[in-house]
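Q: no sequence on hand, only this structure:
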């Protein structure tokens, strides 16, 4: 089987329960707070960190790099794992060429290394030391050094510019963009996108930046306290978290309590309350997927990107079946350039607040300011419901 498969469990020195995969040519982002175990998982793949009580396997292109059931454990030198560290970890006394050559296998010649540097736009910089390179140039040198770990030994100098595809290894990126300024980061994003068109190798990116993960990754893996909680396409995971903990980790602000009631076939009522039992309540129409029992306490999130904001008093034909029209007071508007961070309170549930990012243009068109009223058109698809028992 091509690609990377990871399944690891341990108790010491940190609790680890990780399971994810990454196909050849795919980029998977490990996302989670500091100390959640993301870098430890990356180091485990590279063979740089192996807990004494670890159980499970790491497999690349059908080859076991680690398999505790059969006793297989390849050394870091035996694994074709290219690792780009957060601060690049280039040797300051060595040139760019020497940094890359040091990581190359015995079959690589100086000409092979130079051809690879040329491929990455570093031909004229190969004899410079890291201090003489910009942050973006250092990152490309670190990337070249990682690539020589995963690339097969060239048969001739001409093999290097035509980077082999697919490569029998894995590329590991440990927050490689966090130490550079915004313009350089955008340039490096383009470098990575261009590299993916040439190299079909599993790529695993560690990041705590949700926007970066959404922009770069084919899939994200949400990590917390050594556990992989949810895996999927970024848009799906961020809009439909598996449980309340995932919702918190992906930064969802509109997270509420309620109760789920089955209604007519295919439809249900979500009763929105402050704690699930207050006197004030709002009923929202949702799709019944037959995964939640009738009269069940739930938590739920509102995807603000799927909410239409209308002028107060305007009429709508509610083109989507089951859409709920909710009158809200705009209690706060914080301008952030073209976007304003808006806080709204439902008229029928004043104890609750909704946060939406609205454009200045939309607020101007609605002619509304803080203290005014608007209507929210909430489609059933904007609501994602999670049974309370799934928390954690």
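A: Thanks, I have the structure now. It should be emphasised that the depicted structure is a prediction, and the values quoted were computed from it without experimental measurement.

Q: I'd like to know which elements the lengthiest strand in the chain is packed against.
A: Determined from DSSP state E, the single longest strand within the chain is strand 324-336. When contacts are defined as 3 or more Cβ pairs under 8 Å, 6 or more residues apart in numbering; DSSP states H and E, strand 324-336 sits against strand 282-287, strand 339-346, strand 373-378. The C-beta positions use only the backbone N, C-alpha and C, and glycine is treated the same way.

Q: quick one: mean pLDDT for that strand?
A: Average pLDDT, strand 324-336: 92.

Q: out of the helices and strands packed on strand 324-336, which comes closest to residue 327?
A: Closest to residue 327 of the helices and strands packed on strand 324-336 is strand 373-378 (Cβ to Cβ; 5.4 Å).

Q: from the chain's centre, how far out does the closest one sit?
A: 31 Å (Cα atoms, centre = their mean, to the nearest Å).

Q: right, and the helix or strand after that strand?
A: Next helix or strand after strand 373-378 toward the C-terminus (DSSP states H and E): strand 383-387.

Q: helix, strand, or coil at the closest residue to residue 187 other than its chain neighbours?
A: Among residues not flanking residue 187 along the chain, residue 136 sits closest, at 5.4 Å (Cβ to Cβ, 6 or more residues apart in numbering). Assigned with DSSP: H, G, I helix; E, B strand; the rest coil, residue 136 falls in the helix class.

Q: so which residues make contact with stretch 61-76?
A: For stretch 61-76, the surrounding residues in contact (Cβ atoms under 8 Å, 6 or more residues apart in numbering) are 1-3, 24, 44-48, 50, 54-59, 78-79, 168-169.

Q: relative to residue 179, how far out is the residue nearest to residue 187?
A: 11 Å (Cβ to Cβ, to the nearest Å).

Q: so between these two, which is more surrounded?
A: Counting neighbours by other Cβ atoms under 10 Å for residue 136 and for residue 179 shows that residue 136 has the greater number, 19 against 15.

Q: need the winner for burial among the helices and strands packed on strand 324-336.
A: Comparing the helices and strands packed on strand 324-336 by mean neighbour count (mean count of other Cβ atoms under 10 Å), strand 373-378 ranks first with a mean of 20.

Q: pLDDT on that strand, on average?
A: For strand 373-378, mean pLDDT rounds to 93.

Q: if you compare the directions of that strand and strand 282-287, what angle comes out?
A: Relative orientation of strand 373-378 versus strand 282-287 (axes from the mean of the first three to the mean of the last three Cα atoms, to 10 degrees): 30 degrees.

Q: which helices and strands does strand 373-378 pack with?
A: strand 307-311, strand 324-336.

Q: which phi and psi does residue 16 have?
A: Main-chain torsions, residue 16, degrees, to the nearest 10: phi -130, psi 130.

Q: who's in contact with it?
A: Counting by Cβ under 8 Å, 6+ apart, residue 16 makes contact with 8, 9, 10, 37, 40, 41, 51, 54, 226, 227.

Q: now the last one: closest residue in space that isn't a chain neighbour?
A: So that's residue 227. Sequence neighbours aside, residue 17 is the residue nearest to residue 227 in space, at 4.7 Å (criterion: Cβ to Cβ, 6+ apart).

Q: residue 31 reaches residue 241, doesn't it?
A: No - checked against Cβ atoms under 8 Å, the pair residue 31 and residue 241 is beyond contact range at 11.9 Å.

Q: quick check: neighbours shared by the two?
A: 222, 250.

Q: count of neighbours near residue 59?
A: For residue 59, the count of nearby residues is 18 (other Cβ under 10 Å).

Q: how deep is the closest residue to it other than its chain neighbours tucked in, by neighbour count?
A: Counting by Cβ to Cβ, 6+ apart, residue 5 is the residue found nearest to residue 59 once chain neighbours are left out, at 4.5 Å. Residues within reach of residue 5, counting by other Cβ under 10 Å, total 19.

Q: check the secondary structure at the residue sitting furthest away from the middle of the chain for me.
A: Distance from the C-alpha centroid of the chain peaks at residue 313, with 39.8 Å (Cα atoms, centre = their mean). With three-state DSSP as the basis, the three-state label of residue 313 is coil.

Q: and the gap between it and residue 233?
A: 39 Å.
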